[in-house]
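*Asks:* return a 3D structure for these sequence lines:
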Amino acid sequence: MRLFAAALLTGSVLAGTLLGGCATIGRDFDSTSLAWVKPGETAKPEILEKLGNPFRVGVDSGDPTWTYGYYKYRLLGTSAAKDLVIRFGPDGKVKTFTLNTSFPEEQGILDPALKR
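*Replies:* The predicted structure follows:
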């Protein structure tokens, strides 16, 4: 009986997820409070401590990059995504970073002209 109940619960959760048409990829991060990321000052260990391991790593014009991403896809309704790309200099400190988001609540905080 317990096995049947566990299978039924698992099946219900799976069916609800599929029928809901949602998929989330990556780990969420607070894109509205990144003032602590300072070019020339913030180093890789602090980034790792606060944000964890990056979603992707790469290279931009010879400089290492780390990308933190969070993506919410919906079959019905509006999908949203955000990316934080951090470019490091040879000393392992932040050289530049770029943040992009399509989450409306974050867009309004990052650029008040977009408040809805």
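*Asks:* how many residues are close by the nearest residue to Tyr70 once chain neighbours are set aside?
*Replies:* In this structure, Tyr70 finds its nearest non-sequential neighbour in Gly26, 4.2 Å apart by C-beta to C-beta, 6 or more residues apart in numbering. Placement of C-beta: from N, CA and C, glycine included. Using other C-beta atoms under 10 Å, Gly26 has 17 neighbouring residues.
*Asks:* does Gly26 touch Tyr73 like I think?
*Replies:* No - with contact defined as C-beta atoms under 8 Å, Gly26 does not reach Tyr73; the gap is 11.0 Å.
*Asks:* what residues of stretch 52-68 count as buried?
*Replies:* For stretch 52-68, a neighbour-count test (16 or more other C-beta atoms under 10 Å) marks Pro54, Phe55, Pro64, Thr65, Trp66, Tyr68 as buried.
*Asks:* could you list the buried residues of stretch 106-116?
*Replies:* Buried residues in stretch 106-116 (16+ other C-beta under 10 Å): Glu106, Gln107.
*Asks:* CA-only coordinates of that stretch, as CSV, when you get a sec.
*Replies:* Output of stretch 106-116 as CSV, limited to C-alpha atoms (Å, rounded to 0.1, in the frame of the first residue of the first chain):
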residue,chain,number,x,y,z
GLU,A,106,13.6,43.4,-11.5
GLN,A,107,13.6,45.6,-14.6
GLY,A,108,11.6,48.3,-12.7
ILE,A,109,14.2,48.3,-9.9
LEU,A,110,17.2,48.4,-12.2
ASP,A,111,15.7,51.1,-14.4
PRO,A,112,12.9,53.1,-12.8
ALA,A,113,11.8,54.3,-16.3
LEU,A,114,10.5,50.8,-16.8
LYS,A,115,8.3,50.7,-13.7
ARG,A,116,4.8,49.4,-14.5
